[in-house]
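A.B. asks: Just to be clear, the model below is a prediction. Sequence and coordinates:
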Amino acid sequence: MAQVVAQTERLVAASPQRVRAFLVDYQNNRPRILPAEYFRDYRVEQGGDGAGTVISYRLRAGGRERAYRMRVEEPTEGGPILEERDTGSSLVTTWTLSPAGEGEQTMVSLTSRWEGASGIGGFFERMFAPRALRRLYGEVLEKLSAELRV
């Protein structure tokens, strides 16, 4: 099995602290940046603010729909990285916040990694899933940028 990676970046006109404060609010803020055509049945199962939060949703991308149950981790408490790990698969989605523009802007990187399938199905997964996720994540980051522009 080969690892599949999808990554998208966007410069956001807000400080890393402001972006982080927005992103760790899984109860109120996070649903506002998830495009409804891709994310369904989003809910907070536990917590709601940063590490220890557990969220679930159904993701529709590339013509497929799958349920996810993600546990939020912070490698460094209050740091620039949030990791969301699916409790039922190898999927890990990482948000990385890097200061830009003298600290008044943030380069937000959104990356998902997972162990792909083998065989012909794995070939198509490696070819098409990253492209579909990059498009989806581009919309998520655009919505994040718009929310923080206000």
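C.D. replies: Alright, I've got the coordinates.
A.B. asks: how far is stretch 59-69 from where the chain is centred?
C.D. replies: Here stretch 59-69 is found 13 Å from its chain centre; the criterion is C-alpha atoms, centre = their mean, to the nearest Å.
A.B. asks: how long is it from one end to the other?
C.D. replies: 11 Å (C-alpha to C-alpha, to the nearest Å).
A.B. asks: Tell me the buried residues in it?
C.D. replies: Leu59, Arg60, Ala61, Gly62, Tyr68 (16 or more other C-beta atoms under 10 Å). All C-beta spots, glycine's among them, are computed from the backbone N, C-alpha and C.
A.B. asks: Same list (those) but as a markdown table, adding distance to Arg149 and secondary structure.
C.D. replies: Below are the buried residues of stretch 59-69 laid out as a markdown table (distance: C-beta to C-beta, whole Å; DSSP: H, G, I helix; E, B strand; the rest coil):
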| residue | distance to Arg149 | secondary structure |
| --- | --- | --- |
| Leu59 | 26 | strand |
| Arg60 | 27 | strand |
| Ala61 | 26 | strand |
| Gly62 | 29 | coil |
| Tyr68 | 28 | strand |
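A.B. asks: Sweet, I'm off.
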